[in-house]
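Participant: The sequence and its predicted three-dimensional model are supplied below.
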Amino acid sequence: MEKFSARLARALPVLIVISVILFFLVSVIGVIKLIIIAALLAYIIDPLATLLESRGMGRTHATAIIFFSILLAAGISLIFLLPMLASEISAIQTGFSSEKSKEMILKIEFLIKEEFSFFGVGNFDLTEGIHKTMVYLGDWLFSHIIDVAALITNLVIIPFMVFFLLKDGRAIKKEFLRVLPNRYFEMISSLLYKMDLQLGSYLRGQFIDAVVIGILSTLALWLLGLKYFIVIGAFTGLANLIPYLGPVAGGTLSVIASVMQRGDLSLVAPILLSFITIRMIDDVIVQPLVVARSVKMHPMLVLLAVIIGGKFFGILGMLISVPVTGFLKVVLEEGITSLRRYRLS
Amino acid sequence: MLNENSLWGNIFKSKIKEDAAVINILRKIPVFDDLNRRELAAIERILHRREYNHDEIIFREGDPGAGMYIIETGRVDIVREPDMHVLAELNDGEFFGELALLDDSPRTATAIVKIPCKMLCFLQPDMLDMIERNPRLGTKVLLRLARTMGERLKKSNEQIQALKEELSIKT
């Protein structure tokens, strides 16, 4: 008993410190989200800065040039895309009021009531349900993506963080190594380097993959004549960051949008065919070329990560949960290997 | 205001002096001896300054190698475990562990501090990063490193040859 209370007395300060840190982290969760996004972006852009440096440019100049080029490209895209996106989103919101789509929904509702009456769906109101969901989705998109105040704040803070992470990343790492005890200095330095290599190629691979899939989906939907091809294409590209669920989500959204637009199922088969083709291109060509095999994650782990990410940060959390889990997996695996090699475990 | 200025002035002066001292040390290291001042300053920026106490182990035989050490001040013994047989005694301006710049195979001996040391550490990850950012400088350093290794290898061969001859005379 005495032993237990002595242990408890020893553990208590540690527990208090951990609780304070956790409390602090929870209270600044918004800032953490921004830091994670900035760090991921800095990771993706870093090779460009290194490439310019290898051509004889200073780090600060290289960072500034890349940064302003990206800002310029993003600014131009926003000027052209934002009104289009906004009109597409409001079109999605009101898209269900068209006569054809109402007719289609009533048909589906009737079919469900007929075929599945034994499930007790007699009072099922599909029109109302879809209408409510779409209004909610539209409001959510407006409040989360086109929330002007948050957008402006993020547009200022995130690039600011990315700039300094890119410019001073090495100095920050050096300073971190400086405060480490001599015993761990070499090990942590090697660990950081190996993590950097693996994580960098993984994140950049994921990013390129998402961009390629986004472009291919947008193109396919545009060719098929779907109205909201930019929003859905961009969504499919982003959702591709979430393995297994992402492609299904993109496909489902496209099918729903086509049914709503046409009022029939005529576009369903071409859309599914396009998505299956894009998936195959992704699996056979894009992924083997760009995505690092070393950060292979079990489907169950990915699913758990997506659920936890969604719980903490919503849709954005679901998107960043997979790269963050990849990061934690690399840290853990490399950490354990290093501890063993340095005989510290 | 004046005090503040002189404080900042002193801080910068001491930093400049320290950097110049490090560059002077680097000039005498074979791996860096044909670099110009600008290139030496680039190397100086990626070095890690560490301090070690008496009897502190810098690395152990069998640990994965991560980089080379240059002694600014102090003394380091390179010993073979488990008998702690001293293979070399290294002093100010000398260096060791340069093989670890080329691969992370296990260290072949233990480095232990005998007189408290100020050390400059040139790590393999920093060198690889430098090669990517500044291939010209990276190539120069690598070439010098290869030559240093070659010279060591020649010396070892000569020693082996001498030992062989000694053995054949005895038998």
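Facilitator: Everything's here; your move.

Participant: For stretch A:310-329, list every residue counted as buried.
Facilitator: A:310, A:313, A:315-327, A:329 (16 or more other CB atoms under 10 Å in any protein chain shown). Any C-beta I mention is one placed from the backbone N, CA and C, and that applies to glycine too.

Participant: Count residues in the vicinity of the residue in chain B that chain A sits nearest to, would you?
Facilitator: Proximity of chain B to chain A (CB to the nearest CB) peaks at residue B:125, 3.4 Å away. Using other CB atoms under 10 Å in any protein chain shown, residue B:125 has 21 other residues around it.

Participant: next one: residue B:62
Facilitator: Neighbour number of residue B:62 under other CB under 10 Å is 14.

Participant: hang on, the earlier thing: which pair of the buried residues of stretch A:310-329 spans the longest distance?
Facilitator: A:315 and A:329 (22.4 Å; CB to CB).

Participant: what's the model's confidence in the helix or strand harbouring residue B:73, averaged?
Facilitator: Applying DSSP states H and E as the criterion places residue B:73 in strand B:67-80. Mean pLDDT, computed over strand B:67-80, is 93.

Participant: elements contacting that strand?
Facilitator: Helices and strands touching strand B:67-80, as assessed by 3 or more CB pairs under 8 Å, 6 or more residues apart in numbering or on different chains; DSSP states H and E, comprise helix B:2-27, strand B:85-90, strand B:95-96, strand B:110-123, helix B:124-133.

Participant: List the buried residues in that strand.
Facilitator: Applying 16+ other CB under 10 Å to strand B:67-80 flags B:67, B:68, B:69, B:70, B:71, B:72, B:74, B:75, B:76, B:77, B:78, B:79 as buried.

Participant: Just the pLDDT at residue B:93, thanks.
Facilitator: Residue B:93 is given a pLDDT of 90.

Participant: wait, isn't it in contact with residue B:73?
Facilitator: No - counting by CB atoms under 8 Å, residue B:93 does not reach residue B:73; the two are 9.1 Å apart.

Participant: Skipping its backbone neighbours, what lies nearest whichever residue of the stretch 201-345 of chain A sits closest to chain B in space?
Facilitator: The stretch 201-345 of chain A approaches chain B most closely through residue A:341 (5.0 Å), counting by CB to the nearest CB. The shortest distance from residue A:341 to any non-neighbouring residue, by CB to CB, 6 or more residues apart in numbering or on different chains, is to residue B:64 (5.0 Å).

Participant: how many neighbours does the closest residue to residue A:245 other than its chain neighbours have?
Facilitator: Closest residue in space to residue A:245, ignoring its immediate chain neighbours: residue A:306 at 6.5 Å, by CB to CB, 6+ apart. Residues lying near residue A:306 (other CB under 10 Å) number 22.

Participant: The helix or strand of chain B at the bottom of the mean pLDDT ranking: what's the following helix or strand?
Facilitator: Taking mean pLDDT, DSSP states H and E as the measure, chain B has helix B:2-27 as its least confident helix or strand, at a mean of 70. Going down the chain from helix B:2-27, the next helix or strand is helix B:37-46, by DSSP H and E.

Participant: Please verify my assumption that residue B:88 contacts residue B:71.
Facilitator: No - Residue B:88 lies out of contact with residue B:71 (CB under 8 Å); the separation is 11.7 Å.

Participant: just checking, next helix/strand downstream of whatever helix or strand residue A:207 lives in?
Facilitator: For residue A:207, the host element (DSSP H and E) is helix A:182-224. Reading on from helix A:182-224 to the C-terminus, the next helix or strand found by DSSP H and E is helix A:229-239.

Participant: which other helices and strands contact the very next helix or strand once past that following helix?
Facilitator: Downstream of helix A:229-239, the first helix or strand assigned by DSSP H and E is helix A:245-262. On a contact count with 3+ CB pairs under 8 Å, 6+ apart, helix A:245-262 meets helix A:99-115, helix A:182-224, helix A:229-239, helix A:268-281.

Participant: quick one: which of those is nearest residue A:261?
Facilitator: Smallest distance to residue A:261 across the helices and strands packed on helix A:245-262 (CB to CB): 7.4 Å, for helix A:99-115.

Participant: pLDDT on the closest one, on average?
Facilitator: 66.

Participant: isn't residue A:306 right up against residue A:324?
Facilitator: No - using CB under 8 Å, residue A:306 is not in contact with residue A:324; the gap is 10.8 Å.

Participant: So which bits of the stretch 51-200 of chain A are right by chain B?
Facilitator: A:53-54, A:170, A:174, A:177-178, A:182, A:185-187, A:189-190, A:192-193 (CB under 8 Å from any CB of the partner chain).

Participant: 6 Å instead, please
Facilitator: With the criterion set to CB under 6 Å from any CB of the partner chain, the stretch 51-200 of chain A comes near chain B through A:53, A:54, A:186, A:189, A:190, A:193.

Participant: Give me the neighbour count for the fourth one.
Facilitator: Other residues near residue A:189 come to 23 when the count uses other CB under 10 Å.

Participant: my guess is the residue nearest to residue A:245 contacts residue A:320, does it?
Facilitator: No - in terms of CB atoms under 6 Å, residue A:306 does not count as a neighbour of residue A:320; the distance is 10.2 Å.

Participant: which residues does residue B:52 contact?
Facilitator: Counting by CB atoms under 6 Å, 6 or more residues apart in numbering or on different chains, residue B:52 makes contact with B:113, B:117.

Participant: Quick check: phi and psi on it?
Facilitator: The phi/psi pair for residue B:52 (degrees, to the nearest 10) reads phi -130, psi 140.

Participant: Tell me what it is bridged to.
Facilitator: residue B:117 (DSSP bridges).

Participant: Could you measure from the closest residue to residue A:67 other than its chain neighbours over to residue A:59?
Facilitator: Distances taken as CB to CB, 6+ apart place residue A:163 nearest to residue A:67, at 5.4 Å, with adjacent residues excluded. According to CB to CB, to the nearest Å, residue A:163 and residue A:59 sit 11 Å apart.

Participant: Where does the closest residue to residue B:106 other than its chain neighbours sit: helix, strand or coil?
Facilitator: The shortest distance from residue B:106 to any non-neighbouring residue, by CB to CB, 6+ apart, is to residue B:62 (4.8 Å). Under DSSP: H, G, I helix; E, B strand; the rest coil, residue B:62 falls in the coil class.

Participant: For residue B:62, give me phi and psi.
Facilitator: Residue torsions, per degrees, to the nearest 10, at residue B:62 are phi 100, psi -20.

Participant: Tell me if I'm right that it and residue B:108 touch.
Facilitator: No - under the criterion of CB under 6 Å, residue B:62 is not in contact with residue B:108, lying 8.9 Å apart.

Participant: how far off helix B:124-133 does the helix or strand hosting residue A:68 point, in degrees?
Facilitator: Residue A:68 belongs to helix A:59-94 when elements are defined using DSSP H and E. Helix A:59-94 runs at 80 degrees relative to helix B:124-133, counting by axes from the mean of the first three to the mean of the last three CA atoms, to 10 degrees.

Participant: thought the residue nearest to residue A:67 was touching residue A:65?
Facilitator: No - counting by CB under 6 Å, residue A:163 stays clear of residue A:65, with 11.6 Å between them.

Participant: okay, those two: which has more neighbours?
Facilitator: Neighbours were counted for residue A:163 and for residue A:65 using other CB under 10 Å; residue A:163 has more, 20 against 14.
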